[in-house]
Structures are given as structure tokens and as C-alpha cells.
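**Q** Fold the following, please.
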Amino acid sequence: MLGLLIVSHSEDAAKGIVQIAGSMGGDGVEIRGVGGNDEGGLGVSVVKIHDALSQLLQKTEGILIVPDLGSSVLSSRGAIEMLPPEEAVKVMMADAPILEGALLAAVEASCGATLEQTAEAAQEARNMKKLGH
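**A** The predicted structure follows:
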């Protein structure tokens with residue numbers, strides 16, 4: 001089983017995206033979300049990301065991080081670097097819109113896809129059109 005980690009500047013946004021993606025992925029994927037800084041405001045926390053990664057790695061074969069904005073990417077990279085090398089290699093990041101990417105990743109992972117396939121599915125969200133005109 002794969003894990004998804006949603007990393008947002010907002011704890012509420014992360015929780016909402018986890019709820020939506022979880023409804024699509026079902027029991028076939030473990031999904032967590034982290035958001036907000038260490039004081040509970042808007043921002044990102046390397047410690048929160050690291051803790052979530054460590055917990056997910058105990059239950060999953062690999063983790064795809066879907067971050068929202070630039071500092072989420074930087075903080076996620078920092079958290080990955082804090083992991084032991086044998087765990088860090090089990091973590092990838094998707095360059096994808098956070099909600100659409102999380103949704104596509106949840107569906108792909110729930111179907112038994114590899115971590116690489118799940119990341120590719122999430123990144124396909126960049127090509128999704130919401131309007132037909």
C-alpha cells in the first residue's frame with residue numbers, strides 16, 4: 001500500500017483535500033495531511049512533515065507528497081533529508097495542482113500502482129481542463 005501526504009500552508013485546506021482524496025482512494029491508500037506552522041497559523045512546518053512521513057513509512061511501501069506552494073516543496077525536501085537514507089528513497093514529490101493531483105494519485109494508488117506511476121498520475125492533473133471552451 002502507498003501513502004499520500006498532502007502538504008499545505010493551511011491545516012484546514014490539508015484536511016479538506018485529505019477528505020476528498022480519501023473518498024476517491026478508499027482503503028487502498030493511506031492519506032495524511034499536514035498544514036500550518038508550528039504555532040497553528042498559516043505556513044509550513046518541517047517537523048510536522050517529518051513526523052507525518054515517519055508515521056506513514058511505518059504503514060506503507062512508499063509515499064507521494066503533494067505540496068501546495070514553493071515553501072511546502074522546500075520544507076518537504078528538508079523533512080525528507082531528515083529521514084534515514086533507506087527511508088528517504090521511498091518518498092517522492094509530485095509537481096501537480098494539490099487538489100486535482102491528490103485525487104488522481106489516490107485513485108491510482110488505490111488500484112495498486114507503483115509510487116512512480118502514482119506520481120505520474122498526479123502530475124497529469126496539470127493537463128486537466130475544467131471548462132470545455
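
**Q** At which residues are the helices of the chain located?
**A** Along the chain, counting by DSSP state H, helices occupy 11-25, 46-57, 70-82, 85-88, 98-110, 115-123.

**Q** what's the most buried one of those helices?
**A** A comparison of the helices of the chain by mean neighbour count, using mean count of other CB atoms under 10 Å, puts helix 98-110 on top with a mean of 25. The way it works is simple: take the backbone N, C-alpha and C, and place the C-beta from them, glycine included.

**Q** what does that helix rub up against?
**A** Outside helix 98-110, the residues within contact range by CB atoms under 8 Å, 6 or more residues apart in numbering are 1-2, 4, 6, 8, 13, 17-18, 20-22, 24-29, 31, 64, 66-68, 94, 96, 117-119, 121-126, 128.

**Q** how far off helix 115-123 does it point, in degrees?
**A** Angle of helix 98-110 versus helix 115-123, following axes from the mean of the first three to the mean of the last three CA atoms, to 10 degrees, is 150 degrees.

**Q** and helix 98-110, average pLDDT?
**A** What helix 98-110 shows for mean pLDDT is 97.

**Q** How far away from the center of its chain is that helix?
**A** Counting by CA atoms, centre = their mean, to the nearest Å, helix 98-110 is centred 9 Å from the centre of its parent chain.

**Q** and it with helix 11-25, angle?
**A** Using the same axes, to 10 degrees, the direction of helix 98-110 lies 30 degrees away from that of helix 11-25.

**Q** Helix 70-82 and helix 98-110, what's the angle between them?
**A** Interaxial angle, helix 98-110 versus helix 70-82 (the same axes, to 10 degrees): 40 degrees.

**Q** okay but Ala14 is in contact with Ser8, surely?
**A** Yes - the criterion here is CB atoms under 8 Å, and Ala14 meets it with Ser8 at 4.1 Å.

**Q** Now do the contacts for the residue nearest to Leu104 when sequence neighbours are not counted.
**A** Nearest residue to Leu104, sequence neighbours excluded (CB to CB, 6 or more residues apart in numbering): Ala121, at 4.6 Å. Taking CB under 8 Å, 6+ apart, we find Ala121 in contact with 104-105, 107-108, 113.
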